[in-house]
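Asks: sequence and predicted structure are below.
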Amino acid sequence: MRILTFLLIISFTSWAQDTTQHIVAGRSNAKIQQEKPYVILISADGFRSDFSHKYGAKFLQSKESTGVKANYMQASYPTLTFPNHYSIVTGLYPAHHGLVDNTYLDVNSGQEYRMANKKMVAEGKWYGGTPLWVLAEKQQMMAASFYWVASEANIQDTYPSYYYVYNEVIDIKTRIAQVKNWLSLPAEKRPHLITFYFPEVDHDAHEYGPEDPRVKNSVQFVDQAIADLEAAVAPLGLPINFVFVSDHGMKEVDNVNTIGKPAALNTSAFQVPWGDALLHVYTKDPSKIDSTYQELKKDTRFTTFLLDETPAHWHYRKSDDRFNRLGDLLLVPKLPQVFNLSTRKTSKGKHGFDPALPEMRASFQAWGPSIKSGLIVDGFENVNVYPFVAKILGLHYDPKAIDGHSSVLQKALK
């Protein structure tokens, strides 16, 4: 029995941590695409806009004089990992692309999407819009992903030509070597768009809070890895542009005096998926919305919104809800308090709050042969990264199909 149990554990572990490279056979770059530049789109999760200077990211600081840096990049609401990574690569606000939270209810199907559900994450039906890798592949430009939200999903019947299912087992040297291998392929098989993701800063800033010295270590780890990545591909002599972003910032919260699930939200009448920076309240009986709304408004620890009451800059109203996935009511805690629906103590660092808060600001830098040198730009919304990258790669898209605008970062291009 012990041997059988051990084998089952090994089998489950190998399934849960898929470390193989997935390659879509039969693809190649069109001749016209082989002459285009390259973009490595890098995200460091939770890398707040001030972290580069606050924690001595020397390589990223050195690139300010040879590239473009934004004072900050404004995340989309809610300032959470899955919605914002997908906004960056689709140019759409979360309520417009459908990934409205890390966890939410799809009202039409009755299914609850959860970022921890690997099978669900890989289903293309959850993702609206056209991610950059899908845009590229449909124009016969090959793309690769060493992690990005939705990159392992079949969106519009299209995967990146080369991709990895997300795991935290593959070490950074192996990952960098793989990017170099991709860019060393013959021109007809070489990806021109590569996405690359770092989880370390987010992990440490959550656990210890954004002011903890251990966050400095993770920031400097990411900084050194990006330096090593650039050094690894430099000898190839290719016109490679680097675009460095993050999905959101981080704020220290009161993780002792947290808010539990309000008593008015009984499970017989309401479904409330897990959340800490906001709660979606889905009613099973629409006639109860108004009375519950009035009852919840009495609790001053959080703000209760009807969908038409949310701030306009969130783009998170009923009229924005293209996939019918927002709650009938939204509960937003008054900081520094947050929700905690479990019996376990929650983390010290949080995000997901109003993108107008300075602590929620994300990072943006870019450098390379297509990008101007020594330019500082004002803060801008992350949906504008999409047209910027598409322009570098020479990809065509419908401007009316996205929320971003090419004019915002046009000045950053040579």
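Replies: All right, it came through fine. Residues are numbered from 1 along each chain as shown.
Asks: can I get stretch 203-217 in PDB, CA atoms only?
Replies: These are the backbone C-alpha positions of stretch 203-217, laid out as PDB (Å, rounded to 0.1, in the frame of the first residue of the first chain):
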ATOM      1  CA  HIS A 203       5.000  36.000  -3.700                       C
ATOM      2  CA  ASP A 204       7.300  37.800  -1.300                       C
ATOM      3  CA  ALA A 205       5.400  41.100  -1.200                       C
ATOM      4  CA  HIS A 206       2.200  39.100  -0.400                       C
ATOM      5  CA  GLU A 207       3.700  37.100   2.300                       C
ATOM      6  CA  TYR A 208       5.900  39.700   4.100                       C
ATOM      7  CA  GLY A 209       4.400  43.000   2.900                       C
ATOM      8  CA  PRO A 210       5.900  45.300   0.300                       C
ATOM      9  CA  GLU A 211       8.200  47.100   2.800                       C
ATOM     10  CA  ASP A 212      10.000  43.900   3.900                       C
ATOM     11  CA  PRO A 213      13.700  43.500   3.000                       C
ATOM     12  CA  ARG A 214      12.900  40.100   1.500                       C
ATOM     13  CA  VAL A 215      11.100  41.900  -1.300                       C
ATOM     14  CA  LYS A 216      14.300  43.700  -2.100                       C
ATOM     15  CA  ASN A 217      15.900  40.300  -2.700                       C
END
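Asks: buried residues, it. List them.
Replies: If you call a residue buried by 16 or more other C-beta atoms under 10 Å, then stretch 203-217 has these buried ones: 203, 204, 205, 206, 208, 209, 210, 212, 215, 216. All C-beta atoms are positioned from the backbone trio N, CA, C, and that covers glycine.
Asks: what about the residues you listed, which are in helices?
Replies: Among the buried residues of stretch 203-217, the members found in helices (DSSP state H) are 203, 204, 205, 206, 208, 215, 216.
Asks: residues making contact with the helix or strand that contains residue 391?
Replies: Secondary structure assignment for residue 391, by DSSP states H and E: helix 385-393. Residues from elsewhere that reach helix 385-393 (C-beta atoms under 8 Å, 6 or more residues apart in numbering): 36-37, 39, 41, 73, 88-91, 132, 135-136, 141, 192-193, 241, 243, 245, 364, 366, 370-371, 396-397, 399, 402, 404-406, 408-410, 412-413.
Asks: again, 6 Å this time
Replies: 36-37, 39, 88, 91, 132, 192, 241, 370, 397, 402, 404, 406, 409 (C-beta atoms under 6 Å, 6 or more residues apart in numbering).
Asks: over to stretch 286-301?
Replies: For stretch 286-301, the surrounding residues in contact (C-beta under 6 Å, 6+ apart) are 259, 264, 269, 283, 304, 328, 329, 337.
Asks: try it again with 8 Å
Replies: In contact with stretch 286-301 (C-beta under 8 Å, 6+ apart) are residues 259, 262, 264-265, 269-270, 281, 283, 302, 304, 306, 328-329, 331, 333-334, 337.
Asks: one more: stretch 168-186?
Replies: The contact list for stretch 168-186, computed with C-beta under 8 Å, 6+ apart, reads 17, 19, 21, 38, 40, 144, 146, 162, 164, 190-191, 194, 196, 199, 225, 228-229, 232-233, 236, 238, 240.
Asks: show me the residues you listed that map onto strands.
Replies: Members of the contacts of stretch 168-186 lying in strands (criterion: DSSP state E): 21, 38, 40, 144, 146, 162, 164, 194, 196, 240.
Asks: what's the farthest-apart pair in the ones in helices among the buried residues of stretch 203-217?
Replies: Greatest spatial distance among these (C-beta to C-beta): 206 and 216, at 15.1 Å.
Asks: pretty sure residue 331 contacts residue 341?
Replies: No. Counting by C-beta atoms under 8 Å, residue 331 stays clear of residue 341, with 11.2 Å between them.
Asks: which of those two has more neighbours?
Replies: Per other C-beta atoms under 10 Å, whichever of residue 331 and residue 341 has more neighbours is residue 331, with 23 against 15.
Asks: ok, the more buried one - contacts?
Replies: Here residue 331 is in contact with 262, 278, 279, 281, 296, 302, 303, 304, 305, 339 (criterion: C-beta under 8 Å, 6+ apart).
Asks: isn't the third one up against residue 339?
Replies: So that's residue 279. Yes. Counting by C-beta under 8 Å, residue 279 does reach residue 339; the two are 5.8 Å apart.
Asks: anything in contact with each of the two?
Replies: With C-beta under 8 Å, 6+ apart, residue 279 and residue 339 have common neighbours 261, 331.
Asks: can you map out the helices along this structure?
Replies: Listed in chain order, the helices of the chain (DSSP H) span 2-16, 51-54, 58-62, 81-90, 94-97, 118-121, 132-138, 172-183, 200-208, 213-233, 289-296, 385-393.
Asks: residues touching residue 338, list them.
Replies: For residue 338, the contact set (C-beta under 8 Å, 6+ apart) comprises 253, 254, 255, 258, 259, 276, 277, 346, 350.
Asks: who does the fifth one bridge with?
Replies: Spelled out, it's residue 259. Beta bridges link residue 259 to residue 339 when assigned by DSSP bridges.
Asks: wait, isn't it in contact with residue 302?
Replies: Yes. If you go by C-beta under 8 Å, residue 259 and residue 302 touch, sitting 6.3 Å apart.
Asks: next, show the common contact partners of these two.
Replies: Jointly contacting residue 259 and residue 302 under the rule C-beta under 8 Å, 6+ apart are 333, 337, 339.
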